[in-house]
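1. Here you go, sequence then predicted model.
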Amino acid sequence: MFSWIVKRFKNLVSLRRQARDTAPAAFLDLSREMRELAEIAARVWPEEPAFQERVRGIREEMDQLDQLTAKPEFRMLPLKKRLELRESLIHSKTQLMDTVSTAPSPTSRPQ
């Protein structure tokens with residue numbers, strides 16, 4: 001009996017976590033973070049036109065995501081699709097952070 005209650009409680013906690021992670025507000029936060037990282041990356045490599053184009057694409061995609069999450073249809077997407085989108089955004093964020101961290105030094109003199 002007790003194990004059933006514990007199992008049920010863990011299931012409820014898991015469902016609440018998924019609902020929180022796939023809510024439109026969570027996607028808005030992720031898109032805001034991606035935009036901020038894109039701005040930082042653009043400042044780190046201002047002389048790379050191909051990279052600047054990539055940053056511009058990231059900004060446009062985040063704007064589209066914001067528009068999508070504002071629509072009521074977003075909540076109608078299956079949970080699996082929203083989880084995949086979230087995982088993809090987190091992966092992209094990690095890649096962008098790695099890109100920023102591997103940027104060359106702005107000067108050749110040691111600080």
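-> Good, I have the coordinates. Numbering: from 1, shown residues only.
2. okay, and the helix or strand of this protein with the least pLDDT?
-> The helix or strand of the chain with the poorest confidence is helix 2-21; it has a mean of 88 (mean pLDDT, DSSP states H and E).
3. which strands and helices sit next to that one?
-> Packing contacts for helix 2-21, counted by 3 or more CB pairs under 8 Å, 6 or more residues apart in numbering; DSSP states H and E, involve helix 79-101. (Glycine included, C-beta is placed from N, CA and C.)
4. tell me which residues in the helix it packs on are buried?
-> 82, 85-86, 89, 92, 96, 99-100 (16 or more other CB atoms under 10 Å).
5. how about those residues in a markdown table, adding pLDDT and distance to residue 23?
-> A markdown table is the format used below for the buried residues of helix 79-101 (pLDDT from 0 to 100; distance: CB to CB, whole Å):
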| residue | pLDDT | distance to residue 23 |
| --- | --- | --- |
| 82 | 91 | 9 |
| 85 | 92 | 12 |
| 86 | 92 | 10 |
| 89 | 93 | 14 |
| 92 | 92 | 19 |
| 96 | 89 | 23 |
| 99 | 83 | 28 |
| 100 | 80 | 27 |
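6. so can I have TSV of these showing distance to residue 66?
-> Putting these into TSV (distance: CB to CB, whole Å) gives the following:
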residue	distance to residue 66
82	15
85	13
86	15
89	12
92	15
96	17
99	22
100	22
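7. Could you point out which of those is nearest to residue 40?
-> Nearest to residue 40 among the buried residues of helix 79-101 is residue 100, at 5.6 Å by CB to CB.
8. does the residue lying closest to that closest one once chain neighbours are set aside belong to a helix or a strand, and which?
-> In space, and not counting its chain neighbours, residue 100 is closest to residue 41: 5.1 Å by CB to CB, 6 or more residues apart in numbering. Under the criterion of DSSP states H and E, residue 41 resides in helix 24-44.
9. name the helices or strands packed onto that helix?
-> helix 49-70, helix 79-101.
10. mind listing what's buried in it?
-> Within helix 24-44, the residues scored as buried using 16+ other CB under 10 Å are 24, 26-27, 30-31, 33-35, 37-38, 41-42, 44.
11. okay, the angle between that helix and helix 2-21?
-> In terms of direction (axes from the mean of the first three to the mean of the last three CA atoms, to 10 degrees), helix 24-44 departs from helix 2-21 by 50 degrees.
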